[in-house]
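Trainee: Attaching a predicted model along with its sequence, questions to come.
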Amino acid sequence: MPTNTLEQKRYFSFELLNWYSRSKRDLPWRRHRNPFYIWISEIMLQQTRVDTVIPYFNRFIARFPTIEVLAEAPEEDVLKLWEGLGYYSRARNLQAAAKQVVELHGGQVPDDTQAVAALKGIGPYTTGAIMSIAFNRPEPAVDGNVMRVLSRYFLIEEDIMKGSTRAHMESLVRGLIPEGRASDFNQALMELGALVCTPKSPQCLTCPVMVHCSGRLAGREETLPVKTKAKPPRLEPRSVALIEGSGANAGRLLVRQRPAKGLLARMWELPHELAGPEGYNGPVPDEPAMDHLAAHLLAAGVSARPVRFVREAEHTFSHIHWNLRVFQYEELASPGGKAGGQTLAAEQRTDYSTGAKPDALIALVAQEEQAHPVLPAGYRWISEADMDTMAFPKVFLDLITEYYANPKGTLA
DNA sequence: AAGACGGGGGC
DNA sequence: GCCCCAGTCTT
């Protein structure tokens, strides 16, 4: 069997479509022909498995059934529905793109490759996926599944991490799409990669195109595709503060919101800081780490007394590995038995609303806040119910959930 | 071209 | 516990 012949290509496309018509999974986004739903699913499916995406997808379309609804929603709601899915810029870009579609295209996904490609968060792969799956346009949609299948079937030894390889694969796919069948063909290619032509231990004996697979015939199916390995994440030891409020903040925990850009942008977290000097990843004794973190908190306007070490936690990103040591603190009530400036400010508002004279309180607030600075923007004392609206990265979600399941006492 | 950007699953 | 999975944006 000569490789990469016209016959090998025709056979591949025909048998693949035939297999797909019999084997395709019943997935929520395959039950509609709604381009918005196709779009959401394709964004969610980036770097994320189907089984993980399904519940997120269902909740998302229930809350944001149309592009207009998504465009007008508070960003906090969008982030909350993305909580746990990772790569949160996908959610922010999806909403930004929804606003673009409302502004530029009347709230409808345009049946236009260039217009779709111009939307935020939509790159070459997603452009092809939307154009083909939603509009049946003959555009390639080359993701990791497709590159794996093609590199095996056609025995392509180019490194799939290189940009030039994806371009090669795209031109190959253009020549493989049967007339009028772009939607099914692209989905079939990805479905084969997900179900049969898997990264490890491919199920060749059930593969509809095995007999003409060049990689298989060469005994190379386990060693393709060629892929340069990612470099390991750098280690980052950090100290985390689990601070129990006291006085008016009793039963609450202190959290803060991350900056609008960068890692975990605009998500909420427990306060934490780098343990030890920059670049150092050796052990840090608990006492100095707790004290250093207490000083950090004081600068944020929170006076807290170290209580004890709680437990370790890990959180791995693609490029950073957090080694977290979690310490419990107790908020120190300010002199006069008040819990701090925030509490007094709240009492002052209460007094205004009841019509009581606030003058004495205002003076007291000023005096208190001088000794005890107001909580800066971005910091908040939260109760368990606040977890329903605020989005947290997985590691902090777990820590806080664990705390509320077993407050005070025998945490971990 | 290289780095930033999360979290889950298989074995 | 260790390894694998990989789209888009930014620099």
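Mentor: Everything's here; your move. Numbers count the residues shown, from 1 in each chain, chains lettered A, B, ... in the order given.

Trainee: Could you report the neighbour count for residue A:287?
Mentor: Residue neighbour count, defined by other CB atoms under 10 Å, stands at 10 for residue A:287. Using the backbone N, CA and C atoms, a C-beta is placed for each residue, glycine as well.

Trainee: what helices or strands is whatever helix or strand it lives in leaning on?
Mentor: In this assignment (DSSP states H and E), residue A:287 forms part of helix A:286-299. Judged by 3 or more CB pairs under 8 Å, 6 or more residues apart in numbering; DSSP states H and E, helix A:286-299 is in contact with strand A:234-244, strand A:272-274, strand A:304-316, strand A:320-331.

Trainee: got the buried residues for that helix?
Mentor: A:289-290, A:292-294, A:296-297 (16 or more other CB atoms under 10 Å).

Trainee: Looking at those, which is nearest residue A:276?
Mentor: Ranked by distance to residue A:276 (CB to CB), these are led by residue A:289 at 8.0 Å.

Trainee: Could you check how far that closest one is from residue A:395?
Mentor: 18 Å (CB to CB, to the nearest Å).

Trainee: now do residue A:282
Mentor: As for residue A:282, its distance to residue A:395 is 22 Å (criterion: CB to CB).

Trainee: My guess is residue A:42 contacts residue A:131. True?
Mentor: No: counting by CB atoms under 8 Å, residue A:42 stays clear of residue A:131, with 10.9 Å between them.

Trainee: More neighbours: these two, which one.
Mentor: Using other CB under 10 Å as the criterion, residue A:42 and residue A:131 rank with residue A:131 on top: 27 against 22.

Trainee: ok so, going back, quick one, which of the helices and strands packed on helix A:286-299 is nearest to DNA strand B?
Mentor: Taking CB to the nearest atom of the strand, strand A:304-316 is the member of those nearest to DNA strand B, at 5.3 Å.

Trainee: any idea how far the closest one is from the chain center?
Mentor: 24 Å (CA atoms, centre = their mean, to the nearest Å).

Trainee: cool, and stretch A:144-160?
Mentor: With CA atoms, centre = their mean as the basis, stretch A:144-160 stands 27 Å off its chain's centre.

Trainee: Does it reach DNA strand B?
Mentor: No: using CB under 7 Å from any atom of the strand, stretch A:144-160 stays clear of DNA strand B, with a minimum separation of 9.5 Å.

Trainee: same thing with stretch A:43-54?
Mentor: Yes: part of stretch A:43-54 sits near DNA strand B under the criterion CB under 7 Å from any atom of the strand, namely A:47-49, A:51-52.

Trainee: May I see the buried residues of stretch A:317-336?
Mentor: In stretch A:317-336, counting by 16+ other CB under 10 Å, buried: A:321-329, A:331-334.

Trainee: Ok, stretch A:67-80 next?
Mentor: Residues of stretch A:67-80 classed as buried by neighbour count (16+ other CB under 10 Å): A:67, A:70-71, A:78-80.

Trainee: Stretch A:120-133 too?
Mentor: Applying a neighbour-count criterion of 16+ other CB under 10 Å, the buried positions in stretch A:120-133 are A:121-122, A:124-133.

Trainee: related to what we said a few turns ago, any chance of the buried residues of helix A:286-299 in CSV, with distance to residue A:384 and pLDDT too?
Mentor: Converted to CSV, the buried residues of helix A:286-299 look like this (distance: CB to CB, whole Å; pLDDT from 0 to 100):
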residue, distance to residue A:384, pLDDT
A:289, 27, 95
A:290, 25, 96
A:292, 29, 95
A:293, 23, 96
A:294, 25, 96
A:296, 25, 92
A:297, 22, 92
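
Trainee: show me what contacts residue A:22?
Mentor: By CB atoms under 8 Å, 6 or more residues apart in numbering, the contact list for residue A:22 is empty.

Trainee: Confirm it sits in a helix?
Mentor: Yes: membership of residue A:22 in a helix is supported by DSSP: H, G, I helix; E, B strand; the rest coil.

Trainee: how close does it get to residue A:206?
Mentor: Relative to residue A:206, residue A:22 is positioned 12 Å away (CB to CB).

Trainee: Also residue A:152?
Mentor: For residue A:152, the distance to residue A:206 - CB to CB - is 15 Å.

Trainee: Might you report the residue contacts of residue A:96?
Mentor: A:120-121.

Trainee: Is DNA strand C within reach of the helix or strand harbouring it?
Mentor: Per DSSP H and E: residue A:96 is located in helix A:89-105. Yes: counting by CB under 7 Å from any atom of the strand, contacts between helix A:89-105 and DNA strand C involve A:89, A:93.

Trainee: so where is chain A shaky, pLDDT-wise?
Mentor: A:1-3, A:334-373, A:408-412 (pLDDT under 70).
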